[in-house]
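Enquirer: Mind folding the following:
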Amino acid sequence: MANRSITEQILSSIGNNTTAAVTPVVTQIDDAVAHTGPFYAITCLVEATIDVSECTTGIKENGGGGAMQAIATNVVIPKGVTIYGSFESIELDGGTVLAYSHPGTTVTVASS
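Expert: This next block holds a predicted model:
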């Protein structure tokens, strides 16, 4: 196999990333069980509350003294807002969201 030029590598990378951006796996979440992705964005259709004690959002907060820690307070997302991050799993206390993951991702849903 011949080595690809830098230009070919860049164009390939752009193509792969563009495909992921325009053809995401979209999961509607409107229940109170954990959905495991990972997800890279969440759009709120109806004001929603993420139950941070029941999922892994990757959201950090200052724990005092400059130390970062996993957020300990539930997150309320207003209707129409999209947040971006690296959300391993999402569980809601209420509301409806669309969760976006990359093509090829298998989303699992915990049993209730």
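Enquirer: So the spatially most central residue of the chain: helix, strand or coil?
Expert: Taking Cα atoms, centre = their mean as the criterion, F39 is the residue nearest the geometric centre of the chain, at 2.7 Å. Under the three-state scheme (DSSP: H, G, I helix; E, B strand; the rest coil), F39 adopts strand.
Enquirer: distance of it from T82?
Expert: Here F39 is placed at a distance of 12 Å from T82 (Cβ to Cβ, to the nearest Å). In short, each C-beta sits where N, CA and C put it, glycine included.
Enquirer: that older thread, in contact with the residue nearest to the centre of the chain, which residues?
Expert: T27, F87, I90, A99, Y100, S101 (Cβ atoms under 8 Å, 6 or more residues apart in numbering).
Enquirer: The first one pairs with what?
Expert: What it means is T27. Note on T27: beta-bridge partners by DSSP bridges are A99.
Enquirer: Let's see the pLDDT reported for it.
Expert: Per-residue pLDDT puts T27 at 96.
Enquirer: my read: it touches T96, true?
Expert: No - checked against Cβ atoms under 8 Å, the pair T27 and T96 is beyond contact range at 11.3 Å.
Enquirer: Need the nearest residue in space to E54, chain neighbours excluded.
Expert: E91 (4.2 Å; Cβ to Cβ, 6 or more residues apart in numbering).
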